[in-house]
Structures are given as structure tokens and as C-alpha cells.
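Asks: no sequence on this one, just coordinates:
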């Protein structure tokens with residue numbers, strides 16, 4: 001028997017792949033989820049008037065093996081007809097903004113634009129390549145992504161491009177997050193070739209890696225040049241469809257069942273959850289590292305310590321609806337560099353990406369993350385989040401109307417921070433599990449990527465490792 005802890009997208013995907021590869025011939029797979037519903041941080045609210053509010057992730061990228069794998073999963077779940085793509089060339093792909101010195105600026109998005117000087121950058125971006133070629137190599141195992149970019153491409157790029165990007169991706173601080181989180185290949189190019197540009201030139205002559213996943217949807221995404229995609233009715237349709245598929249195939253999904261402890265003995269796993277005891281041959285933990293850590297602390301304090309050393313941040317998400325089109329420009333949205341000292345991380349223009357059924361504007365305001373304490377203290381209260389979102393949305397975008405509807409979500413400890421040394425921490429965790437021969441697999445955003453694609457791919461890899469072990 002295999003027990004899966006956590007009913008977010010990675011736990012559901014793990015159960016799906018266990019069945020797909022027939023890793024558990026007896027079909028005895030149990031999934032335990034503490035919340036009353038599956039999906040984790042993927043949650044969508046559809047109002048009676050068809051207004052869609054996304055509380056967490058809203059779009060998924062189709063690129064690379066991870067993107068192709070997720071599209072293959074969508075096809076397996078017969079959700080292809082529900083996919084809503086945004087193609088290259090759409091305003092949401094061309095217009096990505098940054099808010100600096102009380103002004104919105106469009107980030108360069110074409111080859112020609114890198115040769116032009118455009119605020120907030122002090123020089124044309126082509127000078128960043130020259131800076132890289134002239135800068136000496138710094139030999140190191142890891143460093144903050146801000147330091148790496150400032151050193152190789154200039155402080156402007158680090159300040160106005162990378163810092164807000166890290167806010168948008170993981171609500172983190174680029175001065176703490178590992179360069180390997182987002183720019184591993186560029187970091188390795190410097191270490192091997194002395195320069196990022198030289199490394200990229202060298203890679204041109206290497207054979208390109210081909211996607212390992214092929215499906216009609218993957219081909220369609222490539223042919224139609226999808227930039228990102230979502231699902232009709234919201235991204236929550238994905239975990240809900242996975243849940244229904246698993247239940248129809250006989251998988252036991254136990255909701256409102258928080259796990260109290262995990263212990264290992266004689267190649268077995270004893271799990272206590274919701275006043276009952278479950279004995280399994282293997283456990284797949286899709287729990288965040290901070291939730292798993294105390295469950296194994298009494299028996300494996302070293303493992304618990306390494307898991308708890310992965311920091312997490314809390315994010316406030318406020319969806320706002322205005323009764324008509326109140327935007328001056330179509331765009332994906334804008335991000336705010338931390339140097340601007342504003343209490344918001346950025347705003348996504350949801351109704352520009354996916355127009356709603358009526359002439360209205362839907363926006364999503366993000367706040368908190370690594371900077372929550374600086375702006376809000378220890379706790380972000382919902383009423384404060386709403387007031388902050390409305391105030392700064394109206395001021396920055398010049399909106400005079402009041403929102404006619406809103407939704408607020410405070411996502412506690414929702415995003416892991418891959419701070420400098422994350423690779424080393426993960427190496428210690430995996431070595432500990434292997435050394436002690438623990439029947440334990442780790443999947444989810446805590447370890448090898450914070451995106452939806454990464455979480456699903458981690459579950460596929462875990463399933464394939466179990467299949468290899470027989």
C-alpha cells in the first residue's frame with residue numbers, strides 16, 4: 001500500500017502517475033488531505049454573474065519538458081477543449097510593466113528595443129551584454145540572483161527587471177534567493193566559460209534537447225505559439241478533474257484528515273491521521289516542507305531540521321472587479337521593485353489576459369511575501385489587505401470608480417523561498433533519506449521548483465523512481 005500525504009496538485013498528480021504506470025498492482029493507494037477540499041493553493045471562485053477570481057496560480061507556461069508534461073496530463077484528463085491559450089503577440093505577452101518612481105514603464109519585449117534607451121534603465125539593454133563580456137568570472141557554488149545579475153549585467157537590470165520578477169514568481173527578495181532558482185544555466189555558463197554570453201554561444205553548437213512528451217496538445221501549443229494558458233472556469237478545474245478521475249478509479253481520498261505523525265519501522269510507514277492509524281509500504285509526501293518537518297521530528301530530528309530550514313512566505317491576494325474598462329493600456333500587468341517601498345508586489349490585469357463575459361475590469365493585487373513584516377507587521381489582516389489593494393490600485397492606475405466586487409485570500413506560508421544554499425540543503429535531505437533507507441518520496445513546490453509545472457513534474461519523477469525500484 002502507498003499513502004500520499006497532501007491533496008494539492010502534486011499529491012493528486014502523484015496518485016495519477018502511480019495508476020498510470022501501474023506501480024501499485026493491488027491498486028491500494030490512499031490520499032490524505034487536511035483541508036475539506038483538494039487543490040491546495042490552486043483555487044478559483046466563479047461568481048453567479050460569471051466573474052472569475054483566481055486566488056492562486058492563474059496561468060501555466062507550455063514551454064520545456066515540464067510544460068509539455070502538464071499539457072500531456074491535460075490531454076489524458078480529456079480537458080483539451082477547456083484550454084484557453086494566450087498566444088505570442090497578444091498584448092498580455094508584449095506589454096509587461098514595472099512601476100518605478102510613480103510611473104509605469106514597459107519592459108523591452110523585442111530585439112530592436114534592446115538597442116534603445118528606455119526608462120527606467122539608464123542605458124540600452126545591449127550594454128548588459130558588453131558588461132558581461134568584460135566582467136571577470138567569480139568562482140562560487142551559489143550566490144543571490146541580485147548579486148549575480150548586477151555583477152554580470154549591471155545594477156539596472158538587477159534592480160528593475162530581476163528584483164520585481166522574483167517578487168512576481170515567488171514573492172521573494174532577489175537579494176536572498178539563489179541564482180540557481182531562476183538562472184541556473186546562466187550561472188553555470190559563467191562558471192564554465194567565464195561569461196554568460198560565451199556560455200550561450202557555446203550552447204548554440206550543442207544539440208538541442210527535445211521534449212520527452214508528445215501529444216496533440218503539445219504540438220498545437222507549439223504550432224499556435226502559445227505563451228501561457230489557463231482553463232475555462234478557472235485553473236481549479238485541473239485538481240477537481242484529477243480528484244474525480246482518481247475516485248472513479250477506486251483511489252481513497254480522505255478529506256479533513258490532518259496527519260498527526262509519521263514513523264518508520266521495518267520498511268513500513270505508520271501514519272496517524274484523524275484518530276486512525278495507517279500502515280503503508282511507502283509514503284509520498286506532497287506536504288510543504290514546513291508541515292512535514294514536525295511530523296518526523298521525534299524519530300528523525302536531522303531530517304526535520306533540514307526540512308524546516310526551507311523558509312516560506314505568506315501572500316495576500318485581493319481580486320478587484322470594476323464595473324467597466326478602467327485601464328488605459330492592455331497588458332499582463334505590472335510588478336513593483338522592492339526599492340520602491342510600496343506595500344504591494346504587483347497587479348495582474350486578469351480581464352486583459354482573459355476577457356470576462358461583460359464590459360468590466362478584473363484585477364488581482366498581490367502583497368506581502370518576503371516583505372510582509374516590513375509593511376504589515378507579523379500578520380496581514382483581510383480588511384487591511386483590501387484597503388491596501390484598493391488604495392494603490394486607484395492611485396497607480398488613475399481609477400476613480402470604486403470596485404463593485406472583491407475577494408481577499410491570505411495564503412499562509414504558501415510559497416517556499418529557494419534562498420542561497422537551497423541545492424545543498426536538498427542534497428542533505430535526499431542523502432539522509434537514502435542513507436536511512438526511508439520509504440519516503442518528496443514531491444511538491446518545496447524542493448525542485450515552485451510552479452505548477454514543477455510540482456507536477458516532481459510527482460512524475462517520484463513515480464518513475466518507484467517504478468524503477470519495482
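Replies: The structure has been received and is ready for your questions. These numbers come from a predicted model, not from an experiment.

Asks: who are the neighbours of the helix or strand where residue 408 lies, in terms of helices and strands?
Replies: Per DSSP states H and E: residue 408 is located in strand 405-416. With contacts taken as 3 or more CB pairs under 8 Å, 6 or more residues apart in numbering; DSSP states H and E, strand 405-416 sits against strand 312-322, helix 382-397. In this view, the C-beta of every residue, glycine as well, is placed from N, C-alpha and C.

Asks: Could you pick out the longest helix of the protein?
Replies: What stands out as the longest helix in the chain, according to DSSP state H, is helix 452-469.

Asks: And the residue sitting furthest away from the middle of the chain, its phi and psi?
Replies: Distance from the centre of the chain peaks at residue 266, with 36.5 Å (CA atoms, centre = their mean). Main-chain torsions, residue 266, degrees, to the nearest 10: phi 50, psi 50.

Asks: Then residue 271?
Replies: Torsion angles, degrees, to the nearest 10, at residue 271: phi -110, psi 130.

Asks: Nearest residue to it in space, ignoring adjacent ones along the chain?
Replies: Take residue 271 and drop its neighbours on the chain: the residue closest to it by CB to CB, 6 or more residues apart in numbering is residue 278, 4.5 Å away.

Asks: From residue 3, how far out is that neighbour?
Replies: 6 Å (CB to CB, to the nearest Å).

Asks: tell me, what's touching those two both at once?
Replies: With contacts taken as CB atoms under 8 Å, 6 or more residues apart in numbering, residue 278 and residue 3 have 30, 32, 271 as neighbours in common.

Asks: which element is the first one on?
Replies: According to DSSP H and E, residue 30 maps onto strand 29-32.

Asks: Against which helices or strands is that strand packed?
Replies: With contacts taken as 3+ CB pairs under 8 Å, 6+ apart, strand 29-32 sits against strand 2-5, helix 9-20, strand 252-254, strand 276-280.

Asks: To residue 371, which of the ones you listed lies closest?
Replies: Among these, helix 9-20 comes nearest to residue 371, with 26.3 Å by CB to CB.

Asks: Would you mark the buried spots in the closest one?
Replies: Under the neighbour-count criterion of 16 or more other CB atoms under 10 Å, helix 9-20 has 9, 10, 11, 12, 13, 14, 15, 16, 17, 18, 19 buried.

Asks: With adjacent residues omitted, what lies nearest to the fifth one?
Replies: Residue nearest to residue 13 in three dimensions, not counting chain neighbours: residue 459, with 3.9 Å by CB to CB, 6+ apart.

Asks: residues near that neighbour, how many?
Replies: Using other CB atoms under 10 Å, the number of residues around residue 459 comes to 27.

Asks: residue contacts, it?
Replies: Shown in contact with residue 459 (CB under 8 Å, 6+ apart): 10, 11, 13, 14, 16, 17, 284, 286, 443.

Asks: one more time with 10 Å
Replies: 4, 9-18, 69, 73, 284, 286, 441, 443-444 (CB atoms under 10 Å, 6 or more residues apart in numbering).

Asks: Same check on residue 449?
Replies: Counting by CB under 10 Å, 6+ apart, residue 449 has contacts 66, 181, 416, 418, 455, 456, 457, 458.

Asks: so what's the first one up against?
Replies: For residue 66, the contact set (CB under 10 Å, 6+ apart) comprises 60, 211, 213, 449, 451-458, 460.

Asks: any idea how far it lies from residue 250?
Replies: Plainly put, residue 66 is 29 Å away from residue 250 if you go by CB to CB.

Asks: Show me what counts as buried in the helix or strand containing residue 65.
Replies: With secondary structure defined by DSSP H and E, residue 65 is part of helix 64-76. Within helix 64-76, the residues that count as buried by 16+ other CB under 10 Å are 66, 67, 68, 69, 70, 71, 72, 73, 74, 75.

Asks: If I take that helix and helix 9-20, what angle do their directions form?
Replies: For helix 64-76 against helix 9-20, the angle by axes from the mean of the first three to the mean of the last three CA atoms, to 10 degrees is 70 degrees.

Asks: tell me the mean pLDDT for helix 64-76?
Replies: When pLDDT is averaged over helix 64-76, the result is 95.

Asks: So what touches the helix or strand that that helix is followed by?
Replies: Proceeding N to C from helix 64-76, the next assigned helix or strand is strand 83-87, under DSSP H and E. Identification of contacts with strand 83-87 by CB under 10 Å, 6+ apart yields 59-60, 62, 71, 74-75, 92-93, 217, 220-221, 224-233, 332, 352-354.

Asks: Show me those residues that map onto helices.
Replies: Within those, residues falling in helices by DSSP H are 71, 74, 75, 92, 93, 217, 220, 221, 352, 353.

Asks: got the contact list for the second one?
Replies: If I follow you right, that is residue 74. By CB under 10 Å, 6+ apart, the residues touching residue 74 are 60, 62, 80, 82-83, 215, 217-218, 229, 231, 237-238, 241.

Asks: Scan those residues and report the most crowded one.
Replies: Among the contacts of residue 74, residue 238 has the most neighbours (other CB under 10 Å), with 27 neighbours.

Asks: Quick check: that residue touching residue 42?
Replies: Yes: with contact defined as CB atoms under 10 Å, residue 238 counts as touching residue 42 (6.8 Å).

Asks: Show the secondary-structure elements that the lowest-mean-pLDDT helix or strand in the chain is packed against.
Replies: Ranked by mean pLDDT, DSSP states H and E, the weakest helix or strand in the chain is helix 196-204, scoring a mean of 82. Counting contacts by 3 or more CB pairs under 10 Å, 6 or more residues apart in numbering; DSSP states H and E, helix 196-204 packs against helix 126-134, helix 145-153, helix 179-193.

Asks: if we can go back for a sec, now do the residue farthest from the centre of the chain against residue 432, distance only.
Replies: Counting by CB to CB, the gap from residue 266 to residue 432 is 19 Å.

Asks: what's the burial count for residue 50?
Replies: By other CB under 10 Å, the residues close to residue 50 number 10.

Asks: for residue 152, same thing?
Replies: Neighbour tally, residue 152, other CB under 10 Å: 27.

Asks: and if you look at the one 5 residues further on?
Replies: Neighbourhood size, residue 157 [other CB under 10 Å]: 20.

Asks: where's it relative to residue 96, distance?
Replies: 15 Å.

Asks: Likewise for residue 406?
Replies: 24 Å.
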